[in-house]
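> Quick one, what's the 3D model for this:
(2 chains)
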Amino acid sequence: AQSVAQPEDQVNVAEGNPLTVKCTYSVSGNPYLFWYVQYPNRGLQFLLKYITGDNLVKGSYGFEAEFNKSQTSFHLKKPSALVSDSALYFCAVGGGQAAGNKLTFGGGTRVLVKP
Amino acid sequence: EAGVTQSPTHLIKTRGQQATLRCSPISGHTSVYWYQQALGLGLQFLLWYDEGEERNRGNFPPRFSGRQFPNYSSELNVNALELEDSALYLCASSLRGDSYNSPLHFGNGTRLTVT
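Next up is the predicted model:
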């Protein structure tokens, strides 16, 4: 079975400050890890993914995430947050086609960036 | 490029009725995924269709069913509606039956309300 935990329901940060959204996962075998963002009344948008390779993954809108195998974590980061980054962020894990292409999502973390 | 489109945007049904939700994937995408986003429960995987076949199913009762048409569009049917079926239903598509190398593209969802 695969699972994802996002320990913070909400993260508040001032504009211009660094932003971190935490994610830990559990999966059999090699993990496929993703971050998605959901703006109000919209579907999810893909931000970035880790499949293999470099532990630091760069994605859309200046976001990056660091894969840490020993800590089974995949935290999302942005060096300088913008008010427009305020949204709901989802971490997801999958186990490949052997797992039936199923992505398991965390409960989401709401990010509020204040001016 | 047109994104994933879902209809209707909102759907109000009474308990015991049937609901039909529709999804058109991005042109060229053969895989369609359905997720339920209920309040406080995050995203729950419902179904995966690829090339017209159901490939994987989440932990939902049989009254949740669907199909994929030859043009790769998809329907989600929910029979014998219950109050707890009220949720945002998200459809996603990917380029091929591999959601890891071809990340999911989500529609804006259908908000189903059961009264």
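> what's the helix or strand for the closest residue to residue A:38 other than its chain neighbours?
Spatially, and ignoring its direct neighbours in sequence, residue A:38 is nearest to residue A:88 (4.4 Å; Cβ to Cβ, 6 or more residues apart in numbering or on different chains). In short, each C-beta sits where N, CA and C put it, glycine included. Using DSSP states H and E, the element containing residue A:88 is strand A:87-94.
> do the same with residue B:62
Counting by DSSP H and E, residue B:62 is part of no helix or strand.
> what's the burial count for it?
7 (other Cβ atoms under 10 Å in any protein chain shown).
> for residue B:6, same thing?
Applying other Cβ under 10 Å, we find 22 residues neighbouring residue B:6.
> What residues does it make contact with?
B:21, B:22, B:23, B:24, B:89, B:90, B:91, B:107, B:108, B:109, B:110 (Cβ atoms under 8 Å, 6 or more residues apart in numbering or on different chains).
> Pick the one among those residues closest to residue B:98.
Of all the contacts of residue B:6, residue B:98 sits closest to residue B:91, with 17.8 Å by Cβ to Cβ.
> May I have the beta-bridge partners of the closest one?
Beta bridges link residue B:91 to residue B:34, judged by DSSP bridges.
> Next, find the distance separating it from residue A:107.
Residue B:91 sits 21 Å away from residue A:107, going by Cβ to Cβ, to the nearest Å.
> out of these two, which sits in the more crowded spot?
Neighbour tally, residue B:91 and residue A:107, criterion other Cβ under 10 Å: the higher count belongs to residue B:91, 31 against 17.
> ok, which residues in chain A are in contact with chain B?
Contacts of chain A with chain B, taken as Cβ under 8 Å from any Cβ of the partner chain, map to A:32, A:34, A:36, A:41-46, A:49, A:51, A:90, A:94, A:96-97, A:100-108.
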